[in-house]
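Colleague: Sequence and predicted structure, then a few things I'm wondering about:
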Amino acid sequence: MKLSIVIPCKNQTATCFENIEKVGLPYFETLGIDYEFLVVLDGSDDKNVSLAEVLMAKFDHRVKVVPYENKLGKGHNVQHGFLEADGDYIIFMDADFATDLHIMERILPVIEKHDGFIASRRCKGAVIETKQTLKRRFVSWVSRILIRMRFHLGYSETQCGFKLFRKDLAKALAKHQIIDGVAFDVEYLYFCHLNGFDIQEVPCNWNDGE
């Protein structure tokens, strides 16, 4: 089994590569599973693209920068990474590593039983170690209500920045994706809902990043 970890990284190059080096690589090495990190810099400025080229010298084949496209939107970045990834399971996660990677220890024992998994800060067993600002908590609360009313997905939340899908499903999501911006993951989950895919919500430990 191979995992592909896609990280959208618009103008967060230094933070992203530091987190991969100090957190990502040490953790995934403990799992004894083949893996790769794919960093997607689409829409980044020249300074961040050049920095990525310098920092890549520190890493081996397990860390890759996806060929650059000058397009904006987190959704586009994830889509681009999904189409480039070749793992049996494809993850996307935020560059700040806000979701504790130990969530994998809850997923791996049952990974073959479901089509995908989404991390949640709101379901039973989740721990928010560092809270968002009051403004961000309010926006999140309003978003959850609107998403629940419009799409009836049944999850405690949809916006936590860690999701894992089986390869064939991830490719289908990317192929059919319409939204380039921040609501792309709602589109992913609605696609799964409409087509009968089994997506499990998993509690996580989470720390807010700036």
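Modeller: Arrived safely, thanks for sending. Numbering: from 1, shown residues only.

Colleague: helix or strand for Ala52, which one?
Modeller: Counting by DSSP states H and E, the element that carries Ala52 is helix 46-55.

Colleague: Can you list the neighbours in contact with that helix?
Modeller: The contact list for helix 46-55 (CB atoms under 8 Å, 6 or more residues apart in numbering) reads 9-14, 17, 39, 41, 44, 65, 68. C-beta: built from backbone N, CA, C; applies to glycine.

Colleague: try it again with 6 Å
Modeller: Contact with helix 46-55 is made by 11, 13, 17, 41, 65, as judged by CB atoms under 6 Å, 6 or more residues apart in numbering.

Colleague: Pull up the pairing partners for whichever helix or strand comes after that helix, direction included.
Modeller: The helix or strand immediately downstream of helix 46-55 is strand 63-65, counting by DSSP H and E. Sheet pairing here is set by DSSP bridges, and for strand 63-65 it gives strand 34-40 (parallel).

Colleague: and the residue lying closest to Met1 once chain neighbours are set aside, how many residues sit next to it?
Modeller: Ranked by CB to CB, 6 or more residues apart in numbering and with sequence neighbours excluded, the top spatial neighbour of Met1 is Asp88, at 5.1 Å. For Asp88, the count of nearby residues is 16 (other CB atoms under 10 Å).

Colleague: Kindly report the same for Phe197.
Modeller: Residues near Phe197, counting by other CB under 10 Å: 18.

Colleague: Skipping its backbone neighbours, what lies nearest it in space?
Modeller: The shortest distance from Phe197 to any non-neighbouring residue, by CB to CB, 6+ apart, is to Asp115 (4.2 Å).

Colleague: distance of the one you found from Leu169?
Modeller: Using CB to CB, to the nearest Å, Asp115 is found at 5 Å from Leu169.
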